Every structure is written in structure tokens, then in C-alpha cells.
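Undergrad: Using only what follows, build the 3D model:
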Amino acid sequence: MSDRCARAFTLLCRVYDLAQKAVVFLRWEHGDADAIAPSLFDNGGGRPKRARPDSSPSGTPEAPTNEEAEEASAVSA
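TA: Sure, this is the predicted structure:
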């Protein structure tokens, strides 16, 4: 039974691939073929990106703005 399922899935993939090619051919000028016949295997990417604990992308601390520098000097005086 599993052999039959594997063959059916292979046939489905081949036929869907041909259908995608036909849609691309017919909708080439419109550019919306992926919306009409999306890939069976594209699940939107891998794992989601984790949020970084620091706000600077390089990991180095950011320089304070003029307002922050003025506030710090007023507090320390």
C-alpha cells in the first residue's frame, strides 16, 4: 500500500509541476503565476528569526544623542 501512495504522490508532483509551467507560460506578462499556482514545497522559509537582546545590529553600544548627553551632564552636575 505504501508503494501505491508513493507512486501517487510522485505522479501528483509531476502533474502539478507541468501545471505550474503552463500557468507561468500563460501569465508571464502579468507576473502572478506564483499566486495562482504556488510551489508545493515552499513553506515560507526555515526557522523564525530570534529577536536580538541588544538594539544595535553590530553588538557595539550606540553613541548617545545630544539630548541624552545633555541630560547626563545635568544629572552629574
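Undergrad: can you give me phi and psi for residue 4?
TA: Dihedral angles phi and psi of residue 4 (degrees, to the nearest 10) take the values phi -70, psi -40.
Undergrad: Show the model's pLDDT score for it.
TA: pLDDT, residue 4: 94.
Undergrad: now the one 3 residues further on
TA: Per-residue pLDDT puts residue 7 at 96.
Undergrad: On the three-state scheme, it is what?
TA: Assigned by DSSP: H, G, I helix; E, B strand; the rest coil, the conformation of residue 7 is helix.
Undergrad: mind checking how far it is from residue 14?
TA: Residue 7 is 11 Å from residue 14, where distance means CB to CB, to the nearest Å. Where C-beta positions appear, they are placed from N, C-alpha and C, glycine not excepted.
Undergrad: quick one: low-confidence parts of the chain?
TA: Applying pLDDT under 70 to the chain flags the ranges 44-46, 53-77.
Undergrad: so where do the helices sit in it?
TA: Here the chain has its helices, by DSSP state H, at 2-26, 33-36, 66-76.
Undergrad: tell me which strands and helices the first one is in contact with?
TA: Applying 3 or more CB pairs under 8 Å, 6 or more residues apart in numbering; DSSP states H and E, one finds that helix 2-26 makes contact with helix 33-36.
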